[in-house]
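**Q** Sequence first, predicted coordinates after that:
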Amino acid sequence: MSVGMSLAMKAKQPKQKRCDRCELYTPEASDKCIHCSDLNESQLAQLQAQHQETLEDNSTFGKYLLFGSGIIGLLLLLSFL
Ligand SMILES: [Zn+2]
């Protein structure tokens, strides 16, 4: 995703605040968190575990991306030799 595109997406989104309970973003306009307001403690723990997994997936993907661009850079370098 290009920087310009992600900026445009941010501008489109309504104002959000971070929920203290589940640490997910929820619209500022709603006084209750849209993610965890109807969850009990065990459901909340499950939600947080899922959220953690998503974060880890993203960082793994980032590593692959970095690795891929490293390979491409190396190939480019080799083609000049
Ligand atoms: Zn919440």
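**A** On my side now, so go ahead.

**Q** contacts and neighbour counts: CA atoms only from here.
**A** OK.

**Q** Secondary structure of residue 26: a strand, I assume?
**A** Yes - Residue 26 forms part of a strand when assessed by DSSP: H, G, I helix; E, B strand; the rest coil.

**Q** Which secondary structure state does residue 17 sit in?
**A** strand.

**Q** contacting residues for it?
**A** Taking Cα atoms under 8 Å, 6 or more residues apart in numbering as the contact definition, residue 17 lies against 25-28.

**Q** among those, who's most crowded?
**A** Ranked by neighbour count (other Cα atoms under 10 Å), the contacts of residue 17 have residue 26 at the top, with 20 neighbours.

**Q** My guess is that one contacts residue 35. True?
**A** Yes - Residue 26 lies in contact with residue 35 (Cα atoms under 8 Å); the separation is 7.3 Å.

**Q** Show me which residues of the one helix or strand residue 73 maps to are buried.
**A** Assigned by DSSP states H and E, residue 73 falls within helix 41-80. Residues 44, 47-48 are the ones in helix 41-80 that count as buried (16 or more other Cα atoms under 10 Å).

**Q** State the mean pLDDT of that helix.
**A** Mean pLDDT, computed over helix 41-80, is 90.

**Q** Over to residue 39. Which of the three states is it?
**A** coil.

**Q** Close to the ion: what parts of the chain are there?
**A** 19, 21-22, 33, 35-36 (Cα under 5 Å from the ion).

**Q** how does it look with 8 Å?
**A** 18-26, 32-37 (Cα under 8 Å from the ion).

**Q** now the residues you listed: which count as buried?
**A** Buried residues within the residues of the chain next to the ion, counting neighbours by 16+ other Cα under 10 Å: 19, 22, 24, 26, 33, 35-36.

**Q** Quick check, pLDDT for the closest residue in space to residue 19 that isn't next to it in sequence.
**A** Once flanking residues are discounted, residue 19 sits nearest to residue 25: 6.0 Å by Cα to Cα, 6 or more residues apart in numbering. Predicted confidence (pLDDT) for residue 25: 92.

**Q** And residue 25, how far from residue 73?
**A** Distance, residue 25 to residue 73, using Cα to Cα, to the nearest Å: 37 Å.

**Q** Having no further points to raise, I will conclude here.
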